[in-house]
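A.B. asks: Following is a predicted model, sequence given first.
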Amino acid sequence: MRFSMASPVDVVVVGAGLSGLIAARRLQAQGLKVRVLEARSRIGGRMVSTTTASGAVVDLGGQWGGASHHRFAALLDELAIARYASHYTGDGVLHWQGQRRRAPLAEQFSDSLLFFQPNALDLPTEELAATRALQQALAALVAQVNPAHPWLTPNAEALDRLTVAEWAAQHTSLPLAQLPLQWLCRVGGSGGFEPWETSILHLAWTQAVAPQGESPEAWLVRGSAGGVAQRLARDLPAGTVQLGEAVVRIEQQAEGVSVITSDGQSLEGRSAIVAVPPPQRLAIAFDPPLPAAHRALLQRSPMGGMTKILAVYARPFWREQGFNGLGIGNLPALELTADSGPPEGQPAVLASFIAGQRAITLGALPGEQRRQQILANLAAYWGPEAAEPLDLVEQSWNSEPFTGGAFTSFLAPGTWTSHARLAAGPAGGPAPAPHGRVFWAGTEVSPRWPGYFEGAIEAGEQAAAAAALKAS
């Protein structure tokens with residue numbers, strides 16, 4: 001249902017991803033009139049699912065919830081949507097330097113080599129010792145990071161100018177020792193970047209605010225995470241969400257805002273929430289203009305490189321063989337696989353990721369050539385059966401025009417201690433200061449768990465609270 005743009009509202013929300021929908025839901029509950037403008041022809045942003053040819057429902061974007069993701073868990077309880085534990089029963093596989101190694105998982109991530117029990121991997125003792133030493137050095141650095149104000153971290157400027165690759169090389173030249181840091185950069189929940197693309201300060205900050213040690217991939221949503229966004233949209237009053245409305249300009253007056261779309265329509269409101277990935281803000285003209293530091297921050301906040309792969313099988317054969325589906329390694333395409341199926345094993349799904357530079361270079365290959373590489377990597381982890389899925393789904397997030405990448409954005413070296421510091425809002429962290437009557441949402445601006453659904457919810461709630469005050 002479409003409503004006339006001529007009808008003013010209290011708050012205009014730009015973007016119908018999880019963060020924007022949460023903001024609209026909270027504002028609506030306070031009795032405020034809200035309109036959500038979404039550029040795409042669908043809702044959900046990176047919280048989206050699809051049904052494959054074999055009938056399996058799979059999540060093209062985010063899918064996991066974590067042990068300390070209390071907001072996300074509470075939202076599902078509120079919506080009466082069930083969840084189930086991720087399947088980690090059995091052994092995983094580390095594929096390193098052309099050799100497949102089967103190993104059980106460690107009880108604590110801090111004691112592991114990328115989740116695995118190090119001593120079960122049959123790796124050289126001196127290399128394991130160097131790996132452990134580098135992990136401990138990173139943990140010590142993470143403990144020093146100021147989560148809200150990273151620029152106040154001891155020795156912040158030097159750390160912010162030193163790339164992850166350079167910092168690791170100062171400690172060791174052993175490839176195995178550097179693997180965990182590279183994996184956190186490319187495939188960790190705040191990743192999608194290469195070790196030479198950001199600073200060691202940024203990587204340490206991601207682990208301070210979204211630590212792998214708190215099990216952020218502990219459970220999944222029954223049905224699909226994408227179904228949550230659909231439910232949130234359905235619960236809003238008819239006509240609240242308007243699809244196909246790309247916002248190109250936001251003008252502010254003394255008492256309100258005018259939000260203008262690409263087809264020339266204008267919607268008036270008392271305040272606005274912009275809930276889109278940081279680089280997408282650059283596509284919106286602001287009057288008055290954004291502060292110079294804010295624009296410079298956006299120009300230095302690219303999205304991570306990420307293609308998600310969903311392989312659907314007739315049965316979870318890896319479980320039958322005593323495996324849990326967790327595969328990690330330095331294969332040409334897939335650096336991570338994970339069992340995404342429910343306890344009953346249907347649908348049987350392995351989720352995989354092509355991350356960082358690989359997402360761009362492999363994405364440029366012809367489709368059939370790319371498919372063969374993906375299937376070869378799946379077989380390298382899980383045997384010949386893995387090369388014969390019922391469905392193989394690819395979702396290139398860098399090809400999505402209104403997202404531009406996943407899981408989140410990252411900062412170029414030197415940005416935290418310069419432009420991010422100058423643009424920061426009262427709470428610090430990655431969220432720029434409000435721009436008059438315009439407030440920022442989206443998982444990227446969350447002070448905790450950016451890159452995850454939990455962060456999207458917290459950012460949406462905070463933006464709704466601030467916008468409501470301005471609209472009153």
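C.D. replies: Arrived safely.

A.B. asks: Show the low-confidence segments of this protein, by residue range.
C.D. replies: 1-6 (pLDDT under 70).

A.B. asks: 50 instead?
C.D. replies: Along the chain, segments meeting pLDDT under 50 span 1-2.

A.B. asks: need the strands for the stretch 151-300 of the chain, in chain order.
C.D. replies: 219-221, 241-243, 247-252, 257-261, 266-274, 285-287 (DSSP state E, counting those that start in this stretch).

A.B. asks: The residue nearest to L411 when sequence neighbours are not counted: what's it in contact with?
C.D. replies: Nearest non-adjacent residue to L411, counting by CB to CB, 6 or more residues apart in numbering: H202, 5.1 Å away. Glycine gets a C-beta too; all of them are placed from N, C-alpha and C. By CB atoms under 8 Å, 6 or more residues apart in numbering, H202 lies in contact with P150, D160, F410, L411, P413, T415, W416.

A.B. asks: and Q135, what is it in contact with?
C.D. replies: Contacts of Q135 (CB under 8 Å, 6+ apart): S110, P180.

A.B. asks: how does it look with 6 Å?
C.D. replies: P180 (CB atoms under 6 Å, 6 or more residues apart in numbering).

A.B. asks: and it, that one's in a helix?
C.D. replies: Yes. According to DSSP: H, G, I helix; E, B strand; the rest coil, Q135 belongs to a helix.

A.B. asks: do you know how far it is from G460?
C.D. replies: 34 Å (CB to CB, to the nearest Å).

A.B. asks: Select, out of the strands of the stretch 151-300 of the chain, the one closest to A74.
C.D. replies: strand 219-221 (13.4 Å; CB to CB).

A.B. asks: Just checking: what are the partner strands of the closest one?
C.D. replies: Looking at strand 219-221 with DSSP bridges, its partner strands are strand 64-65 (antiparallel), strand 83-85 (antiparallel).

A.B. asks: deepest of those, which one?
C.D. replies: strand 64-65 (a mean of 24; mean count of other CB atoms under 10 Å).

A.B. asks: and for that one, what are the contacting residues?
C.D. replies: In contact with strand 64-65 (CB under 6 Å, 6+ apart) are residues F72, E217, W219.

A.B. asks: Same check on stretch 354-361?
C.D. replies: R186, V187, G192, E194, G305, M306, T307, A333, L362, N398.

A.B. asks: Nearest to A424 among those residues?
C.D. replies: G192 (22.8 Å).

A.B. asks: So what does that closest one have for phi and psi?
C.D. replies: phi 100, psi 10 (degrees, to the nearest 10).

A.B. asks: How about the contacts made by it?
C.D. replies: With contacts taken as CB under 6 Å, 6+ apart, G192 has the following neighbours: G304, G305, M306, A355, F407.

A.B. asks: Pick out the most distant pair among these.
C.D. replies: G305 and F407 (10.4 Å).

A.B. asks: Identify the residue nearest F453 in space, chain neighbours excluded?
C.D. replies: Of all residues not flanking F453 in the chain, F72 sits nearest, at 4.9 Å (CB to CB, 6+ apart).

A.B. asks: Quick one: residues contacting the one you found.
C.D. replies: G65, F453, E454.

A.B. asks: between those residues, which is nearest S86?
C.D. replies: Nearest to S86 among the contacts of F72, with distances taken as CB to CB, is G65, at 9.2 Å.

A.B. asks: What distance do you get for that closest one to F72?
C.D. replies: G65 is 5 Å from F72, by CB to CB.

A.B. asks: With G404 instead?
C.D. replies: In terms of CB to CB, G404 sits 24 Å off from F72.

A.B. asks: all helices of the stretch 101-250 of the chain, in order?
C.D. replies: 125-144, 156-161, 164-171, 175-186, 200-209, 226-235 (DSSP state H, counting those that start in this stretch).

A.B. asks: Comparing these, which comes out most buried?
C.D. replies: With a mean of 24, the top stretch among the helices of the stretch 101-250 of the chain by mean neighbour count (mean count of other CB under 10 Å) is helix 200-209.
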